[in-house]
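# please work out how this folds:
(3 chains)
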Amino acid sequence: MNPPAFVDLLNTLREKRPLVQCITNYVAMNWAANVMLAAGASPAMVHAVDEAAEFASISDALTINIGTLSADWLTGMLSAVDAANKKGIPWVLDPVAHFATSFRRDAVEQLLQRKPTVIRGNASEIIALAGMQSRGRGVDSGDSVALAETAATMVAKRWGSVVAVTGATDFVSDGVAGARITGGSSWMPQVTATGCALTCVIGAFAGAAATGAFAATISALSYFAAAGEKAHVLADGPGSFSWRFLDALASDDFEDRGERVEFVIP
Amino acid sequence: MNPPAFVDLLNTLREKRPLVQCITNYVAMNWAANVMLAAGASPAMVHAVDEAAEFASISDALTINIGTLSADWLTGMLSAVDAANKKGIPWVLDPVAHFATSFRRDAVEQLLQRKPTVIRGNASEIIALAGMQSRGRGVDSGDSVALAETAATMVAKRWGSVVAVTGATDFVSDGVAGARITGGSSWMPQVTATGCALTCVIGAFAGAAATGAFAATISALSYFAAAGEKAHVLADGPGSFSWRFLDALASDDFEDRGERVEFVIP
Amino acid sequence: MNPPAFVDLLNTLREKRPLVQCITNYVAMNWAANVMLAAGASPAMVHAVDEAAEFASISDALTINIGTLSADWLTGMLSAVDAANKKGIPWVLDPVAHFATSFRRDAVEQLLQRKPTVIRGNASEIIALAGMQSRGRGVDSGDSVALAETAATMVAKRWGSVVAVTGATDFVSDGVAGARITGGSSWMPQVTATGCALTCVIGAFAGAAATGAFAATISALSYFAAAGEKAHVLADGPGSFSWRFLDALASDDFEDRGERVEFVIP
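Purely as a prediction, here's the structure:
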């Protein structure tokens, strides 16, 4: 199996300009919207129970992130997911620090029962989803991505989802095949909500692509990694990395570099 | 009629430093506050029903944006608008994607009944407000500003408001006279919530100016367009445009360039 | 008494990487999270009543900011504070514009009764907390920091808290001793929520340090002032200052410059 050419899928995304309903956290909203615009998608942050389902029915994809969860937001999330499933559009779950409180654990359980198309988290989050012991406490990952590969495969099989573990090296599993993606920048963990923004971008690729969620997720991660590398070279810290990353995401002179992706059967 | 000198009104704004209550969406809040500080206004994001009306009564202007609407926020918005009308301060409505769901349509109807001083939207939003057919689906505009001029005049007459349609070329109508404003940057639509921030800036000009809302709105749009041009020259993408735009907005060496504004009777 | 070496405490913070629960306002969230990551802390924005107390019980510090207060958020704040007090971790109160509405006054009264470890505000806010006459109207300070020194000492004595008044010159009081901190940048008031972010950073220093809250607060303010100076030199406006400030906060080549801190018995 060859890696998908992310530049091809990025061009498809930019032609289709998918409308992606992003129910994400307060910290991520502005950053995720700017990342999505740079990618070429049309993001819409619509969360209220009064309209979340109706809006999902006109969207091309949906993303759900529990970073700053509250009870009324959860109600909106569940109704949007049900509408997305009814319409048959892909939806992506970002189970931020789901192990930290019982409120989050219960919320993620309800979301998982609705079979996310893709799940994206850091190593701690995916390891905990697999029922394994995690070292994570808050929202930052305390575990290495490598250790999470087994967990990702387990979670993918359990829920029938594509699972992406992101970190210094990313790993994507569809339950059978796996792919490692290298690249990015050491500044990325210092820019808050960059993982949350990536969740939205996975939604955009999945909403635009006819290739299936596994290839769309690998493409989204490769695109992020490539843009991160471009920005890294000229950055002096997290502040300068941040705007250079947006400039890189918005550019169109990417070298595809298929060797960034390594396929594995874990 | 000559165009108002926006530099004069900008100086007035910076002397008076109007307190503007901005009830805007989660995506826009940080960006809009920074834009307002750069302009020289004093923004306050105060939305809760427990205090929205009381705060409006100490403010110089109010702006309402329904980008991430929910039922409890709508209650706060309506109470703030009633207090603003009672006090006689200008208020600006930004009906983000009001055509997308019935919840938004109903909310905007309630807000319009309270007679906004100014309405600002993109072409799709203003065309839909006029009851004409829009191509917009989400929050980004699918229609050209030129096509929206007729709609803007209709909406202005219908509600007794000044109406601003913003895009590559802006158009402002008071129901009789109209003005086109050119300038800005092609990066502006790539920086999320820049239109939402402009809505707040219109509130600041209207709250500071004794010239009436039509001239204040034209001034605000001219100022935004001039700062956008300044920032555009040195920007390499949406990330670098974003901070250069803030620097430009905060500067005081604007060339007034009245030819940016063209008055028309549409 | 010598000033604490902020570089030493910064190193401690970066080694311990304290988990700080920041219940802050919508405007501040993204910026405060990025500032905290640059400092080396692990921020978590967790506010909902369903989990705020549980999360406080796994945190190293808690910060409370009422910038965009609503009734349900206040409930979450109070439960988090009670959990923090029970666990014995430091918590910091940022009483944004508490004098503006009766809703805010009542909320701050309830929070003060729970004895904040540290209170941080601008001059208007601290003067009003002392029951003195303030010139402040909205969220920006209308009073000089110098005038607030007496108020800070009064408030510190009244509630048994360390009180920090920040502005062009900062002042910290524990009710007996006081310290003035100079430095920073004239662009700081133009970057929205920079004071709110500083409140979170005080929480991080207090959560990491074994030195007590007075020294931790002085260190946090010295660190902020030093980073502001570094960023100021190369900035051309609030936009360029903003990302350069993040780069400076994330760096590790600080000159300690104890002369930035002057101890006084007011």
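
# what's the helix or strand harbouring residue A:149 packed up against?
If you go by DSSP states H and E, residue A:149 is part of helix A:148-159. Contacts defined by 3 or more Cβ pairs under 8 Å, 6 or more residues apart in numbering or on different chains; DSSP states H and E place helix A:148-159 against strand A:118-121, helix A:123-129, strand A:162-165, strand A:170-173, strand A:178-181. (Each C-beta comes from the backbone N, C-alpha and C, glycine too.)

# can we see that at 10 Å?
Packing partners of helix A:148-159 (3 or more Cβ pairs under 10 Å, 6 or more residues apart in numbering or on different chains; DSSP states H and E): helix A:102-112, strand A:118-121, helix A:123-129, strand A:162-165, strand A:170-173, strand A:178-181.

# so what's the residue nearest the centre of chain A up against?
Geometric centre of chain A, nearest residue: residue A:199, 2.1 Å, by Cα atoms, centre = their mean. Applying Cβ atoms under 10 Å, 6 or more residues apart in numbering or on different chains to residue A:199 gives the contacts A:22, A:24, A:28, A:32, A:63-65, A:67, A:92-96, A:118-121, A:164, A:166, A:193, A:220.

# where's residue A:83 relative to residue A:201, distance?
Shown here: residue A:83 relative to residue A:201, a distance of 22 Å by Cβ to Cβ, to the nearest Å.

# repeat for residue A:4
If you go by Cβ to Cβ, the gap between residue A:4 and residue A:201 works out to 15 Å.

# neighbour count: these two, which is higher?
Between residue A:4 and residue A:201, residue A:201 has the larger neighbour count (other Cβ atoms under 10 Å in any protein chain shown), namely 30 against 23.

# buried ones in stretch A:75-86, by neighbour count?
A:76-81, A:83-85 (16 or more other Cβ atoms under 10 Å in any protein chain shown).

# apologies, that question was intended for stretch A:120-133.
A:120-130.

# for those, give me a markdown table that also has pLDDT and distance to residue A:109.
Listed next are those as a markdown table, based on pLDDT from 0 to 100; distance: Cβ to Cβ, whole Å:
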| residue | pLDDT | distance to residue A:109 |
| --- | --- | --- |
| A:120 | 98 | 18 |
| A:121 | 97 | 15 |
| A:122 | 94 | 19 |
| A:123 | 93 | 20 |
| A:124 | 92 | 18 |
| A:125 | 95 | 14 |
| A:126 | 95 | 15 |
| A:127 | 94 | 17 |
| A:128 | 95 | 12 |
| A:129 | 96 | 10 |
| A:130 | 95 | 14 |
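
# ok, so of these, who is nearest chain B?
Closest to chain B out of these is residue A:120 (20.6 Å), distances taken as Cβ to the nearest Cβ.

# residues contacting the closest one?
Residue A:120 makes contact with A:63, A:65, A:92-95, A:126, A:161-166, A:170, A:172, A:195-196, A:198-203, A:217, A:220-221, according to Cβ under 10 Å, 6+ apart.

# ok, and the closest non-adjacent residue to residue A:13?
The shortest distance from residue A:13 to any non-neighbouring residue, by Cβ to Cβ, 6 or more residues apart in numbering or on different chains, is to residue A:208 (4.1 Å).

# confirm for me that that neighbour is in contact with residue A:20.
Yes. Taking contacts as Cβ atoms under 10 Å, residue A:208 lies within contact range of residue A:20: 9.2 Å.

# which residue, neighbours along the chain excluded, lies closest to residue A:164?
Leaving out its chain neighbours, the residue that sits closest to residue A:164 by Cβ to Cβ, 6+ apart is residue A:120, at 4.4 Å.
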